[in-house]
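In: Need coordinates for the following:
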Amino acid sequence: MFLRYSYILGGLMIGLVLATPVRAATQDPTPIAACPTDPLAPAETPRVEIDTRNGPTIGTMQYRDGGGLRNKEIALTFDDGPNPDVTPRILDILDKHCIKATFFMVGFYAEARPDLVREVAARGHIIGTHTWSHPNSLRHLSMASAKTQIKRGFAAIKTALASAPPSDRTALAPFFRFPGLNDKKSLIIWLGDHNIATISCSFGADDWKHINANQVYARGLGAIESEGRGILILHDTKPHTADMLSRFIVTLERRGYRFVQLAPKPTSRTLADATPLDLRNALP
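Out: Next up is the predicted model:
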C-alpha cells in the first residue's frame, strides 16, 4: 500500500514540475549591453514615466505616491543649478556611469548660463523647474508672486532651449519641485490645472549642509538602505557632491541597486502644452 501511494505521489510531483513554466527554457531575453566605462551598469538608464495629468504629487518623503519605483531602484535628481563649476563635473560623472538623471533648475541661473541648460539636455537628462530665484518658501509669498516665480522659472528654461535641436527641447518636463520642499496646497492645485507634477523625493543626503564629501556619501547611503528604493535629492551646486558621486554610484551598484530616470509620459507634454502657463507676464 505504501509503495502504491509513493508511485502516485511521485507521478503527481513529476506532473507539477512539467507543468511549471521555466523562464530560462521558454524565454530568450535580449542581452543588456554594459556601460563601456562602468561594467556594473547598463548602457542605458531605464525610464520611469510619470503621467502628469491633473498634477500628481510624487515622492514618499511628503506624499503617498513613490512614482512607481521598484525595490532597489534609485532615481537621481539634482537641484539648484545650473552651476558653471559643478554641473559640468556632475554631467561627466553621470556619463562615465551611463546614468541619466533629472535636473530641477533655477530660472535665474538658467538665464545666466543657457549653454549649460542646453548641455544638460544634449546629454539626455530631463529638466524640471525650481522657481525663478529660489525663495526659501513659496508659502510666504502671495499667490500672484508665487505663480510668477514658477512661471518665470519655466520661461527661463524654455528660452534657453529655444536654440537647441528640436529633440533636445523635449528635455523640459512638466515637473516642478518646491524650494525646500515647502509646498502649498493651492499651488499644487494650480499646477495640476496645468498638468504639471509636483516632484518631491524619498530621501536626501544633506549635501546642502556644511559637511564634507564623506559625510554626504555616508548619509546618502544610510538613507537609501533604510528605504530600499526611491527618489534621491542632490545638488549640482555643491563641490562635495561631485567629489563623492562616482564612489557613491559604484557602491550602490555593488549593493544591487539600479538607477532609473524620472521622465514624463509623452502624452504629458502634450497635455501641458494644451494648458500652457501664460508666460508673457512672467518675463522681466
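In: Touching stretch 206-217 from outside, list them.
Out: 205, 219-220, 234-235, 238, 240-241, 243-244, 247-248, 251 (C-beta atoms under 8 Å, 6 or more residues apart in numbering). For every residue, glycine as well, the C-beta is placed using N, CA and C.
In: Repeat the analysis, applying 7 Å as the threshold.
Out: A205, R219, L234, H235, K238, H240, T241, D243, M244, R247, F248 (C-beta atoms under 7 Å, 6 or more residues apart in numbering).
In: The fifth one: what's it in contact with?
Out: Read it as K238. V86, D207, W208.
In: just the last one next, same as before
Out: Neighbour list for F248: Y217, G220 [criterion: C-beta under 7 Å, 6+ apart].
In: Am I right that it is in a helix?
Out: Yes - counting by DSSP: H, G, I helix; E, B strand; the rest coil, F248 is part of a helix.
In: per-residue confidence averaged over the helix or strand hosting D92?
Out: According to DSSP states H and E, D92 maps onto helix 87-96. The pLDDT scores in helix 87-96 average 98.
In: ok so, going back, let's have the contacts of K238 in a markdown table, adding neighbour count and distance to G192.
Out: Listed next are those as a markdown table, based on neighbours: other C-beta atoms under 10 Å; distance: C-beta to C-beta, whole Å:
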| residue | neighbour count | distance to G192 |
| --- | --- | --- |
| V86 | 21 | 32 |
| D207 | 26 | 30 |
| W208 | 17 | 28 |
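In: Return the subset of the contacts of stretch 206-217 lying in strands.
Out: L234, H235 (DSSP state E).
In: nearest to T270, of the contacts of stretch 206-217?
Out: The nearest member of the contacts of stretch 206-217 to T270, counting by C-beta to C-beta, is L234 at 30.1 Å.
In: Please report how far the closest one lies from T102.
Out: 11 Å (C-beta to C-beta, to the nearest Å).
In: which residues sit against stretch 222-233?
Out: 59-60, 66-67, 69-77, 79, 201-205, 220, 252, 262.
In: Of these, which belong to helices?
Out: Among the contacts of stretch 222-233, the ones falling in helices (DSSP state H) are G220, L252.
In: distance between the helix holding D92 and the chain's centre?
Out: 15 Å (C-alpha atoms, centre = their mean, to the nearest Å).
In: Can you get me a residue count around the residue nearest to L181 when sequence neighbours are not counted?
Out: Sequence neighbours aside, S200 is the residue nearest to L181 in space, at 5.6 Å (criterion: C-beta to C-beta, 6 or more residues apart in numbering). Neighbourhood size, S200 [other C-beta atoms under 10 Å]: 20.
In: that older thread, for PyMOL, write the select line for the buried members of the contacts of stretch 206-217.
Out: The buried residues among those can be selected in PyMOL (16 or more other C-beta atoms under 10 Å) with this line:
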select buried, resi 205+219+234+235+238+240+241+243+244+248
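In: which residues in the stretch 151-284 of the chain form strands?
Out: Using DSSP state E, counting those that start in this stretch, the strands of the stretch 151-284 of the chain run over residues 172-176, 197-199, 203-204, 230-235, 258-264.
In: Partner strands of the second one and their direction?
Out: Strand 197-199 sits in its sheet next to strand 57-58 (parallel), strand 172-176 (parallel), going by DSSP bridges.
In: ok, now the fourth one?
Out: Each strand pairing with strand 230-235, determined using DSSP bridges, is listed with its direction: strand 73-79 (parallel), strand 203-204 (parallel).
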